[in-house]
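**Student:** Have a look at this prediction, sequence included:
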Amino acid sequence: MRCLGTRLYAALVIAFIAPLAVAQVSIIGDLSQDREAHPGQKYDGSILVKNDSKETQQARVYQTDYLFSYDGRNNYADPGTTARSNARWVAFSPAYVVVPPQGTATVNYTVAVPESLGHAAPAGSYWSMLMVEGVPADSPESSPRAKSEKPELGLRQTLRYGIQIATHITGTGKRSVKFLGARLIKVAGSGTALQVDVEDDGTLWFRPDVYVEVFDAKGISLGKFAGQKYRMYPGTSVRQQIDLHTIPAGKYKALVVVDAGGDDVFGAQYVLEF
């Protein structure tokens with residue numbers, strides 16, 4: 001376990017402006033689809049789109065890359081433009097679906113893993129997004145929309161779902177964690193929490209268990225306090241907020257642990273003063 005030291009003191013549905021009908025579609029199943037594969041291998045997958053209404057609904061499907069940061073930023077970059085994108089490996093159909101009332105429609109995709117990337121075989125994790133975006137009946141993109149004699153101005157709400165298509169090259173890559181910073185914060189209604197920012201600086205995805213163990217001046221443990229299990233990809237980072245409201249005022253040592261499974265356990269040590 002790698003440990004660092006420092007001192008602390010207490011102190012995917014997206015809505016657009018767009019008011020009338022909202023396309024009532026949803027996704028059945030997980031919004032993350034993972035598959036292990038070898039270089040040169042092809043594999044297939046599917047996304048099931050559900051119509052939750054009593055009227056026919058429509059949706060368009062398109063690709064983006066996807067990165068996220070501990071500070072809340074999300075980057076939906078053009079497909080195939082980020083370092084570990086697999087968007088160019090993915091072929092999908094159809095790009096536009098019509099879903100019957102209370103029914104479903106399927107979007108199929110194929111991932112063709114390349115034999116090499118430049119002068120080396122792919123290794124570790126690669127991912128991108130397939131976006132499924134509802135198309136309201138009064139939208140210009142809607143196929144049965146009647147033509148209007150004059151332009152109309154209004155608000156329209158559009159909902160979209162992002163499905164992460166992740167490819168993990170079998171037997172390759174490594175997990176590694178970088179602790180970006182930590183501080184004690186006051187949370188309204190619940191008291192003190194430890195805020196820790198963590199980055200995946202390896203080449204493989206993980207969804208680790210995170211906890212902090214707090215020790216008093218005599219080295220006696222006051223317990224382990226759990227964080228959240230967040231999905232992480234290489235180059236992405238998340239913010240953990242771990243509730244410590246039961247810890248009385250005083251000075252303590254704390255060990256933050258990120259357990260990615262097996263031997264991949266990482267730690268950082270801090271001094272806390274409440």
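**Tutor:** That came through, no problem.
**Student:** State the distance from Val271 to Ser221.
**Tutor:** As judged by CB to CB, to the nearest Å, Val271 and Ser221 stand 15 Å apart. Backbone N, C-alpha and C define where each C-beta goes, glycine included.
**Student:** cool, Ser116 as well?
**Tutor:** 49 Å.
**Student:** Let me know the secondary structure of Thr172.
**Tutor:** Thr172 carries the three-state label coil when classified by DSSP: H, G, I helix; E, B strand; the rest coil.
**Student:** Next up, the contacts around Ala83.
**Tutor:** Residues near Ala83 by CB atoms under 8 Å, 6 or more residues apart in numbering: Gly235.
**Student:** and it, helix, strand or coil?
**Tutor:** Going by three-state DSSP: Ala83 is coil.
**Student:** Now it: phi and psi?
**Tutor:** phi -60, psi -40 (degrees, to the nearest 10).
**Student:** Please look at Ser221 and Glu213 and confirm they touch.
**Tutor:** Yes. In terms of CB atoms under 8 Å, Ser221 counts as a neighbour of Glu213; the distance is 5.9 Å.
**Student:** Looking at those two, which one has more neighbours?
**Tutor:** Using other CB atoms under 10 Å, the more surrounded residue of Ser221 and Glu213 is Glu213, with 15 against 11.
**Student:** Check which helices and strands the strand or helix carrying the more buried one sits against.
**Tutor:** Assigning secondary structure by DSSP states H and E places Glu213 in strand 209-215. For strand 209-215, the elements it packs on are strand 191-200, strand 221-226, strand 237-243, strand 251-259, judged by 3 or more CB pairs under 8 Å, 6 or more residues apart in numbering; DSSP states H and E.
**Student:** switch to 7 Å and redo it
**Tutor:** Packing partners of strand 209-215 (3 or more CB pairs under 7 Å, 6 or more residues apart in numbering; DSSP states H and E): strand 221-226, strand 251-259.
**Student:** what's the angle from that strand to strand 251-259?
**Tutor:** Orientation check (axes from the mean of the first three to the mean of the last three CA atoms, to 10 degrees): strand 209-215 against strand 251-259 gives 160 degrees.
**Student:** and strand 209-215 with strand 237-243, angle?
**Tutor:** Angle of strand 209-215 versus strand 237-243, following the same axes, to 10 degrees, is 50 degrees.
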